[in-house]
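Q: just to be clear, the model below is a prediction. Sequence and coordinates:
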Amino acid sequence: MWKTILVGYDGSEHSKKALRKAEKIAIQNSSNLVVVNVYRELVTKSYSLSLLEEARKFLSEQISLETISARNTDVDDELIEIAREHGADLMVVGSRGMGEAASLLLGGVSHGVANNSPVDVLIVRK
Amino acid sequence: MSEKHVHLSAFEKYLAVWVLVCMGIGIALSQYFPILGQTFDAWQVRGISVPIGVCLFLMMYPALLNLQMAELKKLVRNPKPIILTIFSNWIVAPLVTAYLAKYFLAGYEQLIVAAILLGSSPCTAMVLVWGSLAEGNQEQNIINTSLNTVTILVLYAPVVALLTGLQSIRIDRGLLIISILVFIGLPLIIGYVSKNYLLKNKGREWFEFTYRPAVGRVSILALLTTLIILFSMNGDVLLNNPDLMAKMSIPLLLGFAVVVGYNLLVTRLAGLAYPEAITSVLIGSSSHFEIAIATAISLYGLGSQAALGTTMGLFWEVPVMLGLVYFGKWLGKKGFWRSTTQE
């Protein structure tokens, strides 16, 4: 049903849930999986790469996998842009369950992705 | 892993525009609400402006979270590019800037001091942005900026004192040292302690993806607030002396050209590969405008020519460093330095 699935991953418990869900769907549908970590501050880059390495080890070897580390202060936009570039037809993100106000200061990704994504979005709850 | 997914934020891209906007707001306030500037100026503790002190702390703090003492141990693996950078930051750039300031700003003592403050302070934050855009060696960048944070604490006051002394410009050296301790030392200690506490109690993921970006946003607001307050105090000086900023820009831009030329030459002669070379050039040619602004305000006050002069460093930062990034990349493609694949 979905050929390419993009999942946002930042090492948190909710994004690990999203990753597990994306893995299940990818195996069921023989989809390609694109795991993306978007970081805002440049010094976070090496941590971003280590997270993607952690994700790679976690995932089943039978999945066709690509990992991408990207820097952008607008995380939603970056995820959506990468989804477009890779022809993803499903985006999977975790939800911290924050309200709008908290999301504004602390960065709530799932709101923005759900509102602006041109493809299907699966928000994995806490 | 693709490097093309590195974007500048709107703030970083349009920093020169932000400075102009803040200039406009500040000048308007100085003309229509002069009481505001007087209030800011009156609120002082031992010569240090409290509102500016708070803003400057908030500006500095995020960069000082970047200090990675463990990374400094890696210096011994490949010290050459970092030694070149230290020489440029602490010998070449300060001397070139001081000389050009003396020549072009004769008679404007505070502007000479502003130029020396800018020329003697290596960048510890924005240079990470430039290095990433240039696809330089980011590990070297982080090590070097961590080292710059420590060397500023130790060398900034002596270098500035020496260069101003050589030109017979008297500055309050005690206040200079206090400024460094308050605006670098204090955020450094608080940054180190808070980082360790938060990493231990909230975890790395929260620290990197929630805390850092949040303090980064606060830092931007603090910088813009500082600029508005600064220009609200200096509106009259600017309006009565519009040529001052142009005058200030000449030695800054010329000095930049000389220091960049020097760094391009030595990195090529040293046989560095592109990623290490471009990182050295960027860091060696950079400037820490936050500490320059902070120190100028401490030494001469909010409403001083020196404080205004240091904002020129901020104004030119983005166009000049972006230009250097693209120029460096072009030189890299033309084989000015060896690529990483060559031995």
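A: Alright, I've got the coordinates. The model shown is predicted, which means the values in this text are computed figures rather than measured ones. Numbering: from 1, shown residues only, chains lettered A, B, ... in the order given.

Q: mind checking how far residue B:161 is from chain A?
A: Distance, residue B:161 to chain A, using C-beta to the nearest C-beta, to the nearest Å: 31 Å. C-beta: built from backbone N, CA, C; applies to glycine.

Q: pull the number of nearby residues for that residue.
A: Burial of residue B:161 is recorded as 15 neighbouring residues (other C-beta atoms under 10 Å in any protein chain shown).

Q: let me see the contact set for it.
A: B:171, B:173, B:176 (C-beta atoms under 8 Å, 6 or more residues apart in numbering or on different chains).

Q: pipe these into a markdown table and attach secondary structure per row.
A: A markdown table is the format used below for the contacts of residue B:161 (DSSP: H, G, I helix; E, B strand; the rest coil):
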| residue | secondary structure |
| --- | --- |
| B:171 | coil |
| B:173 | helix |
| B:176 | helix |
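
Q: and which of the residues you listed is nearest residue B:334?
A: Ranking the contacts of residue B:161 by separation from residue B:334, with C-beta to C-beta as the measure, puts residue B:176 on top at 43.2 Å.

Q: contact partners for that closest one?
A: Contacts of residue B:176 were listed using C-beta under 8 Å, 6+ apart, and they are B:157, B:160-161, B:295, B:298-299.

Q: count of neighbours near residue B:204?
A: The burial count assigned to residue B:204 is 15, neighbours taken as other C-beta under 10 Å.

Q: how close does it sit to residue A:50?
A: 9 Å (C-beta to C-beta, to the nearest Å).

Q: touching chain A at all, stretch B:185-195?
A: No. Using C-beta under 8 Å from any C-beta of the partner chain, stretch B:185-195 stays clear of chain A, with a minimum separation of 11.2 Å.

Q: excluding its backbone neighbours, what's nearest the single nearest residue of chain B relative to chain A?
A: Nearest residue of chain B to chain A, counting by C-beta to the nearest C-beta: residue B:5, 3.3 Å away. Excluding its sequence neighbours, the residue lying closest to residue B:5 (C-beta to C-beta, 6 or more residues apart in numbering or on different chains) is residue A:70, at 3.3 Å.

Q: for that neighbour, which residues make a bridge with it?
A: Note on residue A:70: beta-bridge partners by DSSP bridges are residue A:38.

Q: re the thing from before, my read: the residue of chain B closest to chain A touches residue A:82, true?
A: Yes. Under the criterion of C-beta atoms under 8 Å, residue B:5 makes contact with residue A:82 at 7.0 Å.

Q: what touches both of those two?
A: Contacts common to residue B:5 and residue A:82, judged by C-beta under 8 Å, 6+ apart, are A:68, A:70.

Q: list the helices and strands the helix or strand encompassing residue B:97 packs on?
A: Using DSSP states H and E, residue B:97 sits in helix B:93-104. Other helices and strands packing on helix B:93-104, by 3 or more C-beta pairs under 8 Å, 6 or more residues apart in numbering or on different chains; DSSP states H and E, are helix B:109-119, helix B:138-166, helix B:243-269.

Q: just the buried members of the contacts of residue B:176?
A: Among those, those classed as buried by 16 or more other C-beta atoms under 10 Å in any protein chain shown are B:157, B:160, B:295, B:298-299.

Q: ok so, going back, export the contacts of residue B:176 to TSV and tack on pLDDT?
A: Shown next, in TSV, are the contacts of residue B:176 (pLDDT from 0 to 100):
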residue	pLDDT
B:157	93
B:160	94
B:161	93
B:295	89
B:298	83
B:299	88
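
Q: ok, so of these, who is nearest residue B:127?
A: residue B:295 (19.1 Å).

Q: please identify the residues of chain B in proximity to chain A?
A: Counting by C-beta under 8 Å from any C-beta, chain B sits next to chain A at B:1-2, B:5-7, B:9-11, B:62, B:65-66, B:128-129, B:132, B:138-139, B:142, B:204-206, B:208-210, B:212-214, B:216-217.

Q: hang on, the earlier thing: next, the angle helix B:138-166 makes with the helix holding residue B:97.
A: Using axes from the mean of the first three to the mean of the last three C-alpha atoms, to 10 degrees, one finds that helix B:93-104 and helix B:138-166 are set 40 degrees apart in direction.

Q: export helix B:93-104 as CSV, just CAs?
A: Taking Å, rounded to 0.1, in the frame of the first residue of the first chain, the C-alpha atoms of helix B:93-104 are listed here in CSV:
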residue,chain,number,x,y,z
ALA,B,93,44.0,39.5,13.3
PRO,B,94,44.5,41.7,16.4
LEU,B,95,47.7,43.3,15.0
VAL,B,96,46.2,43.9,11.5
THR,B,97,43.0,45.4,12.9
ALA,B,98,44.9,47.6,15.4
TYR,B,99,47.2,48.9,12.7
LEU,B,100,44.4,49.7,10.2
ALA,B,101,42.2,51.2,13.0
LYS,B,102,45.1,53.6,13.9
TYR,B,103,45.5,54.6,10.3
PHE,B,104,41.8,55.0,9.3
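
Q: still on that earlier bit, mind checking which of the residues of chain B next to chain A are in helices?
A: Of the positions in these, B:10-11, B:62, B:128-129, B:132, B:138-139, B:142, B:204-206, B:212-214, B:216-217 sit in helices, assigned by DSSP state H.

Q: put the buried members of those into a PyMOL selection.
A: Provided next is the PyMOL selection string for whichever of these are buried by 16+ other C-beta under 10 Å:
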select buried, chain B and resi 11+62+128+129+132+138+139+142+205+206+212+213+216+217
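
Q: on that earlier part again, ok, the residue of chain B closest to chain A - how many residues close by?
A: Residue B:5 has 17 neighbours, counted by other C-beta under 10 Å.

Q: likewise for residue B:307?
A: Look at residue B:307: counted by other C-beta under 10 Å, it has 28 neighbours.

Q: check contacts around it.
A: Counting by C-beta under 8 Å, 6+ apart, residue B:307 touches B:114, B:230, B:233-234, B:293, B:296-297, B:300-301.

Q: swap the cut-off to 10 Å and go again
A: Residue B:307 sits next to B:52, B:110, B:114, B:226, B:230-231, B:233-234, B:237, B:292-301 when contact means C-beta atoms under 10 Å, 6 or more residues apart in numbering or on different chains.

Q: who are the contact partners of residue B:298?
A: B:46-49, B:52-53, B:56, B:172, B:175-176, B:178-180, B:182-183, B:306-307.

Q: same question, residue B:85
A: Going by C-beta under 10 Å, 6+ apart, residue B:85 touches B:122, B:140, B:144, B:147-148, B:263, B:266-267, B:279-286.

Q: quick one: pLDDT of the residue of chain A found nearest chain B?
A: Proximity of chain A to chain B (C-beta to the nearest C-beta) peaks at residue A:70, 3.3 Å away. Residue A:70 carries a pLDDT value of 91.

Q: now do the one 3 residues further on
A: Predicted confidence (pLDDT) at residue A:73: the value is 82.

Q: so it sits in a helix?
A: No. Counting by three-state DSSP, one finds residue A:73 to be coil, located in no helix.

Q: isn't it right up against residue A:44?
A: No. Counting by C-beta atoms under 10 Å, residue A:44 is not a contact partner of residue A:73; they are 11.6 Å apart.

Q: where do the contact lists of these two overlap?
A: Common contacts of residue A:73 and residue A:44 (C-beta under 10 Å, 6+ apart): A:38, B:213.
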